[in-house]
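> just need the structure, nothing else, for what follows:
(chains A, B, C, D, E, F and G)
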Amino acid sequence: MALNIKPLADRVLVEPVEAETKTASGIIIPDNAKEKPQKGKVVAVGKGTKDEAMTVKVGDTVLYGKYSGTELKLEGKDYLIMRESDIFAIV
Amino acid sequence: MALNIKPLADRVLVEPVEAETKTASGIIIPDNAKEKPQKGKVVAVGKGTKDEAMTVKVGDTVLYGKYSGTELKLEGKDYLIMRESDIFAIV
Amino acid sequence: MALNIKPLADRVLVEPVEAETKTASGIIIPDNAKEKPQKGKVVAVGKGTKDEAMTVKVGDTVLYGKYSGTELKLEGKDYLIMRESDIFAIV
Amino acid sequence: MALNIKPLADRVLVEPVEAETKTASGIIIPDNAKEKPQKGKVVAVGKGTKDEAMTVKVGDTVLYGKYSGTELKLEGKDYLIMRESDIFAIV
Amino acid sequence: MALNIKPLADRVLVEPVEAETKTASGIIIPDNAKEKPQKGKVVAVGKGTKDEAMTVKVGDTVLYGKYSGTELKLEGKDYLIMRESDIFAIV
Amino acid sequence: MALNIKPLADRVLVEPVEAETKTASGIIIPDNAKEKPQKGKVVAVGKGTKDEAMTVKVGDTVLYGKYSGTELKLEGKDYLIMRESDIFAIV
Amino acid sequence: MALNIKPLADRVLVEPVEAETKTASGIIIPDNAKEKPQKGKVVAVGKGTKDEAMTVKVGDTVLYGKYSGTELKLEGKDYLIMRESDIFAIV
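Numbers count the residues shown, from 1 in each chain, chains lettered A, B, ... in the order given. As a prediction, this is how the structure comes out:
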């Protein structure tokens, strides 16, 4: 979580939380049946813009749309970078 | 209704009210004949934006468009998160 | 007409006036030949926005475009909810 | 021309001037060969908006684009309702 | 050139200059090979808008895009009416 | 280069620099293999707009996008007229 | 890196960093399997606009979207020119 990355402006780097791959009864769901995760952890936050201060902070768990953000691989791990306006809520 | 969720900006979390599945005469309408609900209860509200204060409050029953908002499953239940501008009226 | 509904912002609730289903000579026009009504009665009006005060009032008869607004069923009756900017004129 | 209608905002009610249906030599042009009229007489004018005062007045003859405005039948006669910005020129 | 027409706002009435129909060597180019003219003479100019004063004047020869403006027939002659922003340059 | 042309507003007249038609080894590349030039010389510059002063000057060599601007033939020569915002850089 | 180029406004010239063509185990990946690079080095920066000062500096390593910017060949080398808003983060 100590990534050396500075998102520009109102961008937020999010580490997606993996969707469950087992149902309650222990059945393994094949990969293409998994819904793309919509929940993630904020790992880096930009400085905001002249018009908008940032609301989310590093460490927040956030909800976002299925198609929000751009995938980015950093040190072998998948992240999403998105604008704060793509984030629906903090949970 | 005590969900731990903070919608960002002008977003509103709505719990849809189920459409009736029986007609007045007691006939069961199959699921795909049910119109998607357009009425819901507000369960969480963002802080608004610099430009817009929020009008709806938690507990309000609201009307919204058939395609408004994004579906979100929280603790096994379906919600919609939408911008206040997607809400037509309070009833 | 005493509906308990508060349209948000610059929205207007309109009760469409039925198109005539008989021609002057008394011939019944089948339903799909009826032009969708473009005339209606205002039954509820929002408070306007910071940028726009409302011009129409409850009770006004208004003209609007064929595809204006969203259909809404309230207490078994069909209404249209639209923004004031979708209304062309008061007659 | 004493229609009881108040266009909203920057809207203008225009009575189209019929295109000629006879050529100079007296030949009748079938209806689908007639170009849709682009000239009309202003019969009602809105109050303008906060941003724009109105330039055209009732009685002006105006030119407008082939696809400008929305057709409206009032007391059995066809009109077009359009925004002043759809009007090209006063002739 | 003494047309009785007042373009609204930032509109300009332009009389297109006919494209040459003969090549230098005197060969007649059939009509559909002629490029649509992009040069014209300004014959009437609007009063501008609150935001933009007009730069072109009646009598200027102007260059404009192939698909700029709307064709208008006035007293049997073809004109184009366009916004000043559709005009590239004065030559 | 002493063209009598005044671009309007933030427009710039650019004379494209021909793409090389011979490879280093002297092979002639057929015309349709030539990439459209993206480099040109500024030959005329508008006065800018209320919002933007002009940065490029006559004589600058500029880089622009493959599909930027509109082709214009002036005195038998091909030019491009584009907005300054279509210019990427001065080289 | 001493290119003589001045990007206009909020544009940034980026030299893409080549994607790895060998996997960890030394297997050569054929060219069309290589993902287009999304990481690059900033080699020139515009002066910003009235509304936005520039954040990135020459020498920064930046991340950007797969389809960001326009390819530009300068002195035989491939660069991308993009707006600063197309840059996601500095790493």
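> make it CA atoms for all contacts and neighbour counts henceforth
Noted.
> return the nearest residue of chain A with respect to chain E.
Proximity of chain A to chain E (Cα to the nearest Cα) peaks at residue A:51, 24.3 Å away.
> which SSE is that residue in?
Under the criterion DSSP states H and E, no helix or strand holds residue A:51.
> same question for residue A:14.
Using DSSP H and E, residue A:14 sits in strand A:11-16.
> just the pLDDT at residue A:44, thanks.
Residue A:44 carries a pLDDT value of 97.
> quick check: phi and psi on residue A:84?
Note on residue A:84: backbone dihedrals following degrees, to the nearest 10 are phi -60, psi -30.
> how many neighbours does it have?
Neighbour count of residue A:84, defined by other Cα atoms under 10 Å in any protein chain shown: 25.
> what of the one 5 residues further on?
By the measure other Cα under 10 Å, the count of residues near residue A:89 is 26.
> centroid-nearest residue for chain A?
The residue lying closest to the centre of chain A (Cα atoms, centre = their mean) is residue A:14, at 2.9 Å.
> doesn't residue A:78 make contact with it?
No: counting by Cα atoms under 8 Å, residue A:14 does not reach residue A:78; the two are 9.2 Å apart.
> residues from chain A in reach of chain G?
A:4, A:5, A:6, A:7, A:8, A:11, A:70, A:81 (Cα under 8 Å from any Cα of the partner chain).
> could you tell me which of the residues you listed belong to helices?
Judged by DSSP state H, the residues of chain A next to chain G include no members of helices.
> so the nearest residue to the residue nearest to the centre of chain A once chain neighbours are set aside versus residue A:63, what's the distance?
Leaving aside its sequence neighbours, residue A:14 sits nearest to residue A:42 (Cα to Cα, 6 or more residues apart in numbering or on different chains; 4.5 Å). Distance, residue A:42 to residue A:63, using Cα to Cα, to the nearest Å: 10 Å.
> hey, which helix or strand in chain A has the poorest pLDDT?
When each helix and strand of chain A is scored by mean pLDDT, DSSP states H and E, strand A:70-74 comes last, with a mean of 88.
> list the buried residues in that one.
Neighbour-count burial for strand A:70-74 flags residue A:72 (criterion: 16 or more other Cα atoms under 10 Å in any protein chain shown).
> the residue of chain A found nearest chain G: neighbouring residues, count only.
For chain A, the residue closest to chain G is residue A:7, as judged by Cα to the nearest Cα, at 4.0 Å. Using other Cα under 10 Å, residue A:7 has 23 neighbouring residues.
> which residues of chain A score low on pLDDT?
Scanning chain A for pLDDT under 70 picks out A:1-2, A:19-37.
> for chain D, give me its nearest residue in it.
Closest contact between chain A and chain D, by Cα to the nearest Cα, is at residue A:51 (24.4 Å).
> name the element the residue lying closest to residue A:10 once chain neighbours are set aside belongs to?
Nearest residue to residue A:10 in three dimensions, chain neighbours excluded: residue A:48, at 4.3 Å (Cα to Cα, 6+ apart). Residue A:48 belongs to no helix or strand when assigned by DSSP H and E.
> phi, psi for residue A:48 please.
Per degrees, to the nearest 10, the backbone of residue A:48 is at phi 80, psi -180.
> picking that back up, give the next helix or strand downstream of the strand holding residue A:14.
strand A:39-45.
> and whichever helix or strand comes after that next one with chain B, contact?
The helix or strand immediately downstream of strand A:39-45 is strand A:61-64, counting by DSSP H and E. No: Strand A:61-64 lies out of reach of chain B by Cα under 8 Å from any Cα, never closer than 8.6 Å.
> pull the CA atoms of strand A:61-64 into PDB?
Written as PDB, here are the backbone C-alpha positions of strand A:61-64 (Å, rounded to 0.1, in the frame of the first residue of the first chain):
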ATOM      1  CA  THR A  61     -13.600   1.600   1.100                       C
ATOM      2  CA  VAL A  62     -15.600   2.900  -1.800                       C
ATOM      3  CA  LEU A  63     -18.300   1.800  -4.100                       C
ATOM      4  CA  TYR A  64     -18.100   2.600  -7.800                       C
END
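> any idea how far it is from the middle of the chain?
In terms of Cα atoms, centre = their mean, to the nearest Å, the centre of strand A:61-64 is found 7 Å from the chain centre.
> that strand: partners in the sheet, and parallel or antiparallel?
With DSSP bridges as the test, strand A:61-64 is paired with strand A:39-45 (antiparallel), strand A:87-90 (antiparallel).
> residue A:70 and residue B:67: what is the separation?
Residue A:70 is 24 Å from residue B:67, where distance means Cα to Cα.
> end to end on stretch A:50-61, go ahead and measure it.
Span of stretch A:50-61 from end to end, Cα to Cα: 25 Å.
> what's in contact with that stretch?
A:10, A:39-48, A:84, A:90-91, B:8 (Cα atoms under 8 Å, 6 or more residues apart in numbering or on different chains).
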